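*Asks:* missing the sequence, but the structure's below:
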């Protein structure tokens, strides 16, 4: 998704045959819009918040559970769900009517999250040479470095969506004190496993990349594991907690662990 700089309308650019999708601010949510010739976008808000992300995840799961013939794929973003269908097998009017019927079944903003989610607790070095922008992030948030580490490490964050790079999670929400802006200039490169922070969210990088987000923690966790049967380690709706360890402990974890988990523990979240 991107925002058209000319008019501010939402426009989908992920597929070559998509059409622009427009709306007025008076339109209610949830909102169904056409996404090209073979897609529907169901939006629960204009911006990400816990209830809108919950709704997107729960609604997508409901569509998947319906197992409709002609639906090719689904996905969930920060505040929307996407349904792609085969128009030669399922008419647009029919799929839209079915989606509307499912929307009316419950209050999706308070729906239970999908079952089968997991909690990952990941050893993380905060600050120092491995994550040099922690002090700056803490200062912008109005906190001491020690207090920032305490709050960040005690917070369980949800995998809000996977995007930007293979297997890469957007995680949140963090407390409002961490609603800090991105950097004005890009950091030339952060490594795989970097935990970065901005706008009340974490991103855990799945590969080396430039970024405008502040590098506050470093892990040995690999989000993208192309050699594994399940190449994406995380799924939307999973939860993560980044537990502080020393640099020496992280180096020991790197030496002893070759499975990509980086010393993380994983347990199923009770439904």
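*Replies:* Ah, there it is. Remember, it's a predicted structure, so these values are computed and weren't measured experimentally.

*Asks:* Would you map the helices across the stretch 151-271 of the chain?
*Replies:* Taking DSSP state H, counting those that start in this stretch as the criterion, the stretch 151-271 of the chain contains helices spanning 247-256.

*Asks:* Residue 41 sits in which helix or strand?
*Replies:* Element membership of residue 41, judged by DSSP states H and E, is strand 39-43.

*Asks:* partner strands of that strand, parallel or antiparallel?
*Replies:* For strand 39-43, sheet partners with direction are given as strand 31-34 (antiparallel), strand 80-85 (antiparallel), following DSSP bridges.

*Asks:* of all those, which lies closest to residue 100?
*Replies:* strand 31-34 (6.8 Å; C-beta to C-beta). For glycine as for every other residue, the C-beta is placed from the backbone atoms N, C-alpha and C.

*Asks:* how many neighbours does residue 247 have?
*Replies:* When neighbours are counted by other C-beta atoms under 10 Å, residue 247 registers 14.

*Asks:* Might one say that it is in contact with residue 130?
*Replies:* Yes. Between residue 247 and residue 130 there is a contact at 6.3 Å, judged by C-beta atoms under 8 Å.

*Asks:* chain center to the strand holding residue 41, what's the gap?
*Replies:* 18 Å (C-alpha atoms, centre = their mean, to the nearest Å).

*Asks:* tell me what whichever helix or strand comes after that strand is packed against?
*Replies:* Per DSSP H and E, strand 39-43 leads on to helix 50-66 as the next helix or strand towards the C-terminus. Based on contacts counted as 3 or more C-beta pairs under 8 Å, 6 or more residues apart in numbering; DSSP states H and E, the elements that helix 50-66 packs against are strand 71-76, strand 80-85, helix 92-103, strand 157-162.
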